[in-house]
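In: build me a model:
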Amino acid sequence: MTNWTVTAADAARSPLNREYNAEMISRYWGRPTNDAEIDAYERDEQDHDVPVFLVASRDGEEAGCLGMRFLDDGTGELTRMFVRTPFRGQGVATALLKAMETEALERGVTVLRLDTRNDLVEARNLYAKHGFAEIDRYNDAQYADHWFEKRLTSFDSPAMH
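Out: Residues are numbered from 1 along each chain as shown. Okay, the predicted model is just below:
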C-alpha cells in the first residue's frame, strides 16, 4: 500500500471538488456532463457547508478528497468522497477515511454518518469494509438511496494506538 499524505484544504478552492461534482452528475445521468451543467449544480444545488475537507496526495499530486460537516452534538457527516481515476485501488480512500476518523475524534465527533446512491456500489462496499453499518434514512437528501453510520472510539484512530 502506498503512503499518502493527507492534509486539510478548502473545499471551495479545491479542483477535486469540481471533479467530484462532474463524476457524480455523469454517473447519475449515465452520460458525460459539461461545464454549464456543473456550474449550475455548484451554484444552485450543491451544499457548500463542508468545514472539514481533507486531500490525499503523493509526491505533490492530489489523488482524492473527503469532507465532513457537523450535524448535531457529536455527529459528523461525511461527504465528497472522491478518488481520481488513476489512483483508484491504491488505498487513497482508506487513507482519507482513517485521517477523517482521527480528525473527527479530535473535534469531539463520535458518530459518523453518510448517505450515498444506488449507483455508487464501490462507495457502499468501501464504507461497509470500514465498519459503517446501513441505517434508516436520517436526512432528506434528494438523491440518496442508502444511509450509513459508524460509532467511533479512540481505537479506530491510528494516531490513538
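
In: what residue ranges in the chain are flagged as low confidence?
Out: Scanning the chain with the threshold set as pLDDT under 70 gives 1-2, 46, 155-161.

In: if we use 80, what do you get?
Out: 1-2, 43-49, 154-161 (pLDDT under 80).

In: for the residue most central in space within the chain, give me its contacts.
Out: Nearest residue to the geometric centre of the chain (CA atoms, centre = their mean): residue 81, 2.5 Å. With contact set as CB atoms under 8 Å, 6 or more residues apart in numbering, residue 81 has these partners: 64, 65, 66, 93, 96, 97, 114, 123, 126. From N, CA and C alone the C-beta is placed, and that goes for glycine too.

In: at 7 Å instead, please
Out: Counting by CB atoms under 7 Å, 6 or more residues apart in numbering, residue 81 makes contact with 66, 93, 96, 123.

In: closest one of those to residue 72?
Out: Nearest to residue 72 among these: residue 66, at 20.2 Å, using CB to CB.

In: show me which positions of the strand of greatest length in the chain end up buried.
Out: Identified as the longest strand of the chain according to DSSP state E is strand 61-72. For strand 61-72, burial by neighbour count (16 or more other CB atoms under 10 Å) applies to 62, 63, 64, 65, 66, 67, 68, 69, 70.

In: strands paired with the helix or strand containing the residue nearest to the centre of the chain, and their directions?
Out: Under the criterion of DSSP states H and E, residue 81 resides in strand 75-83. Here strand 75-83 has these sheet partners by DSSP bridges: strand 61-72 (antiparallel), strand 111-116 (parallel).

In: distance to residue 7 for those - can I get that in JSON lines?
Out: As requested, these are exported to JSON lines (distance: least, CB to CB, whole Å):
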{"stretch": "strand 61-72", "distance to residue 7": "10"}
{"stretch": "strand 111-116", "distance to residue 7": "20"}
